[in-house]
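[1] Quick one: sequence plus predicted model below, questions after.
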Amino acid sequence: MDYQPRPEDQRFILDAVLGASGRLVRLAPFAEYDASLQSQLLEEAGRFIGEVIAPLNRVGDETGCRFDQGNVTTPPGFREAYRALWQAGWPALTASPEDGGQGLPTLLSAIVSEWLSAANQGFNMAPGLLHGAYECLKHHGDGDLKQRYLPKLASGEWLATMCLTEAHAGSDLGQVRTRATPQPDGTYRVSGNKIFISGGEHDLSDNIVHLVLCRLPDAPAGPKGLSLVLAPKLLPDGARNAVHCERIEEKMGLHGSPTCQMRFEDTTGWLIGEPNRGLQAMFVMMNSARLLVALQGIGLLDAAWQKADAYARERRQMRAPQVPASRGPGDAADLIVEHPAMRRILDTQRGWIDGARVLAYRTALMLDVARHDADKASRERAQRWCSLITPVLKAACTQQGFQGASECLQVFGGHGYVREWGMEQIVRDARVSMIYEGTNEIQAIDLLVRKVLPDGGAGMGKLLVELRDELEASRDTDADAQRRLAQLRYLTTTVAMASHADPALPYEVADDYLRVVMLTLMAWAWARIDVAASGEPDASRWSAPAAAFRRHALPEFDMRLGMVKRACEAVTMQPAT
């Protein structure tokens, strides 16, 4: 079966849990936004993705991309589907109307991106960087550059790349060697090699806009000496620029997306932003990319769950330990969904999907609040949320996307391991999301070392108090979430104090700390869902995954909390030397 978006789930989370349309309408750019428009757009997006994009998922994996003397051909149907995507206006949802965009909230674009990932992640890799590239150029490009490239990027007619990684450097961008030499006419000549460039060459769009991290001749060493240059595949006069695809990688998954080794050889480009401040300019793009990667994890897990749930409701296997009402007198076996072990897998993964959606959609909402709210305090609270929660979501959602898809594969037994059901493709496609846009270990270090500890945990403490105050202690699930929020506050203080004795400690416990944060946030999210779902006609839709998540996933909270505590105690109890 192909993936099918289910807008009713999004509507419940947006309207009943987050009150999104009411919050957005108070922001000046979205004064005319309402739940009706939101619902209409989700219905149309879901229909388009289910009918046009999802059916290409298997052919994209089986056929893959073809490389021939520097040219890359995408799988059958991809070019036509991408043209339909941008002509229908889906990449332009959040771009400014002055650039030809629709000026809609980030939230809608986030949901569309999640559905595209679930339906066909190999295909979605192509437009996945568009929004970040647009925002980077919008905020840091000069007038001529914006006039030339923003409308094409806003519409999606032209695609973009983010050229960071080099073979010798990996994630250590301070070692980037690609050079950019200024020319008398104001352009730059870029020379160097980049690897792992998603969509570096393809036939989906006529032009590809490369954003290249590089060094000017007099640049200082390290990350503070990096600049950002825009180097298009086609120059303004239509001539081919000196950008060369050397090869495409043979990958574990994402066969529908070309991952390219790129060579820039005296390539003409234009500086974005100020010299030696390329990372600051690219940071807009990187933050956007991290949220979208988190949504990839959620989407791929939802795709795996849909397949597993449908299979479990059709396939019969052995006798279940109870006698279900659906068992007929001639049935030799019961439906897989009626076996408790399989029900545990399905409901627990559903719990991860629903709770993570609340957190990811709130983050998308906060991005717009941070940008547009008239109240300074509201903007600061929203920015604090985005800064602290984005690395948590990127790491935790992609880890669960892979591990949860593997769990869903288990529902199929041996059939999950063969290609015809599509489960093994999801597992392969999901694995890389834990690596790119900063590995999950780097995300954990970014969270704890760079964002939590510099102020002694004060910012994290404020956020946790704000979340506590949104709950009502008289409700059992709210009280449980409040208890976990308090434990996380105390843990944060403990780590901050212990790190003074051993500066290496935060790097050791960062992964476990991030996991504690995510589980705390999930407990908060499910407390919010419980309240919103109490009046729903189909209460079991939400109560079953809620119960499974609390029974089978939340106990990890105590384990991870204890691991971090013991690491801190080992440091603070060491005898003085």
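    That came through, no problem. Numbers count the residues shown, from 1 in each chain.

[2] if I look at residue 469, how far off is residue 478?
    Distance of residue 469 to residue 478, given as CB to CB, to the nearest Å: 11 Å. Any C-beta I mention is one placed from the backbone N, CA and C, and that applies to glycine too.

[3] Comparing the two, which shows the higher neighbour count?
    Comparing residue 469 with residue 478 by neighbour count (other CB atoms under 10 Å), the higher total belongs to residue 478, at 20 against 10.

[4] Count the neighbours of residue 125 for me.
    Using other CB under 10 Å: residue 125 sits among 23 other residues.

[5] and it, what does it touch?
    If you count contacts by CB atoms under 8 Å, 6 or more residues apart in numbering, residue 125 has them with 198, 199, 254, 256, 257.

[6] Now, those that are in strands?
    Assigned to strands by DSSP state E, the following of the contacts of residue 125 qualify: residue 198.

[7] hey, where'd the helices end up in the stretch 51-200 of the chain?
    Per DSSP state H, counting those that start in this stretch, the stretch 51-200 of the chain carries helices over the ranges 57-63, 78-87, 106-124, 130-140, 143-155.

[8] Over to the stretch 201-350 of the chain?
    With DSSP H, counting those that start in this stretch as the definition, the stretch 201-350 of the chain shows helices at residue ranges 278-314, 340-372.

[9] need these in CSV with mean neighbour count and mean pLDDT, can you?
    Output for the helices of the stretch 201-350 of the chain, formatted as CSV (neighbours: other CB atoms under 10 Å; pLDDT from 0 to 100):
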stretch, mean neighbour count, mean pLDDT
helix 278-314, 24, 91
helix 340-372, 22, 97
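
[10] that older thread, closest to residue 459 out of the contacts of residue 125?
    Residue 459 has its nearest neighbour among the contacts of residue 125 in residue 198, at 32.5 Å by CB to CB.

[11] could you pull out the helices for the stretch 351-500 of the chain?
    With DSSP H, counting those that start in this stretch as the definition, the stretch 351-500 of the chain shows helices at residue ranges 376-411, 423-431, 440-445, 458-469, 476-501.

[12] Can you say which of those helices is packed in most?
    Mean neighbour counts were taken over the helices of the stretch 351-500 of the chain using mean count of other CB atoms under 10 Å, and the top value, a mean of 24, falls to helix 423-431.

[13] between it and helix 278-314, how many degrees?
    Direction vectors for helix 423-431 and helix 278-314, defined by axes from the mean of the first three to the mean of the last three CA atoms, to 10 degrees, enclose an angle of 160 degrees.

[14] So which other helices or strands are in contact with helix 423-431?
    helix 57-63, helix 106-124, helix 278-314, helix 376-411 (3 or more CB pairs under 8 Å, 6 or more residues apart in numbering; DSSP states H and E).

[15] Any chance of JSON lines for these, columns distance to residue 528?
    Formatted as JSON lines, the helices and strands packed on helix 423-431 follow (distance: least, CB to CB, whole Å):
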{"stretch": "helix 57-63", "distance to residue 528": "32"}
{"stretch": "helix 106-124", "distance to residue 528": "16"}
{"stretch": "helix 278-314", "distance to residue 528": "17"}
{"stretch": "helix 376-411", "distance to residue 528": "14"}
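
[16] Kindly provide the whole-number mean pLDDT of stretch 237-244.
    Per-residue confidence for stretch 237-244 averages out to 98 on the pLDDT scale.

[17] ok, residues contacting it?
    Identification of contacts with stretch 237-244 by CB under 8 Å, 6+ apart yields 70, 208, 210, 231-235, 262-268.

[18] Also stretch 430-438?
    Residues outside stretch 430-438 that contact it (CB under 8 Å, 6+ apart) are 121, 171, 196, 198, 251-254, 286, 289-290, 293, 296-297, 300-301, 304, 391, 394-395, 398-399, 401-402, 405, 440, 446.

[19] mind listing what's buried in the strand ranked longest in the chain?
    As far as residue count goes, and with DSSP E defining each element, the longest strand of the chain is strand 259-272. In terms of neighbour count (16 or more other CB atoms under 10 Å), strand 259-272 has its buried residues at 259, 260, 261, 262, 263, 264, 267, 268, 269, 270, 271, 272.

[20] Same check on stretch 127-146?
    Buried positions in stretch 127-146, judged by neighbour count with 16+ other CB under 10 Å: 127-138, 140-141, 146.

[21] now swap in stretch 87-100 and tell me
    Using 16+ other CB under 10 Å as the burial criterion, the residues of stretch 87-100 that qualify are 90, 91, 92, 93, 94, 95, 99, 100.

[22] Same check on stretch 59-77?
    59, 60, 61, 63, 64, 65, 67, 72, 73, 74, 75, 77.

[23] thinking again about what came up before, each with direction, which strands does the longest strand of the chain pair with?
    Paired with strand 259-272 in the same sheet, following DSSP bridges, are strand 188-198 (antiparallel), strand 226-232 (antiparallel), strand 243-248 (antiparallel).

[24] Which of those strands sits closest to residue 495?
    Comparison of the strands paired with strand 259-272 against residue 495 by CB to CB identifies strand 226-232 as nearest, at 30.8 Å.

[25] Residue 400 and residue 297 touch, don't they?
    Yes - contact criterion CB atoms under 8 Å: residue 400 and residue 297 qualify, at 6.3 Å.

[26] Name the residues contacting each of those two.
    Taking CB under 8 Å, 6+ apart as the contact criterion, the common neighbours of residue 400 and residue 297 are residue 356.

[27] For the chain, give me the ranges with low pLDDT.
    For the chain, residues meeting the criterion pLDDT under 70 lie at 285, 287, 323-330, 574-577.

[28] What count of nearby residues applies to residue 535?
    Should you count by other CB under 10 Å, residue 535 turns out to have 8 residues around it.

[29] Next, find the distance separating it from residue 542.
    Taking CB to CB as the measure, residue 535 falls 11 Å from residue 542.

[30] Skipping adjacent residues, who's closest to residue 108 in space?
    residue 93 (5.4 Å; CB to CB, 6 or more residues apart in numbering).

[31] contacting residues for that neighbour?
    41, 101, 102, 104, 108, 109, 112.

[32] List the residues that contact the last one.
    Contact analysis of residue 112 by CB under 8 Å, 6+ apart lists 45, 49, 90, 93.

[33] Just confirm the third one contacts residue 48, I think it does.
    So the one you mean is residue 90. Yes - the pair formed by residue 90 and residue 48 meets the contact definition of CB under 8 Å, at 7.2 Å.

[34] now the helix or strand containing residue 506 against helix 476-501, angle please.
    With secondary structure defined by DSSP states H and E, residue 506 is part of helix 505-533. Using the same axes, to 10 degrees, the direction of helix 505-533 lies 170 degrees away from that of helix 476-501.

[35] for helix 505-533, the distance to its chain's centre please.
    17 Å (CA atoms, centre = their mean, to the nearest Å).

[36] Which parts of it count as buried, going by neighbours?
    Counting neighbours by 16+ other CB under 10 Å, one finds that the buried residues in helix 505-533 are 505-506, 509-533.

[37] what helices or strands is whichever helix or strand comes after it leaning on?
    Once the chain leaves helix 505-533, the next helix or strand it forms, by DSSP H and E, is helix 540-552. Contact partners of helix 540-552 among helices and strands, from 3+ CB pairs under 8 Å, 6+ apart: helix 340-372, helix 505-533.

[38] Make CSV from those helices and add distance to residue 150 to it.
    As requested, the helices and strands packed on helix 540-552 are arranged in CSV below (distance: least, CB to CB, whole Å):
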stretch, distance to residue 150
helix 340-372, 17
helix 505-533, 35
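
[39] Can you say which of those helices is nearest to residue 166?
    Comparing the helices and strands packed on helix 540-552 by their distance to residue 166 (CB to CB), the top pick is helix 505-533, with 24.0 Å.
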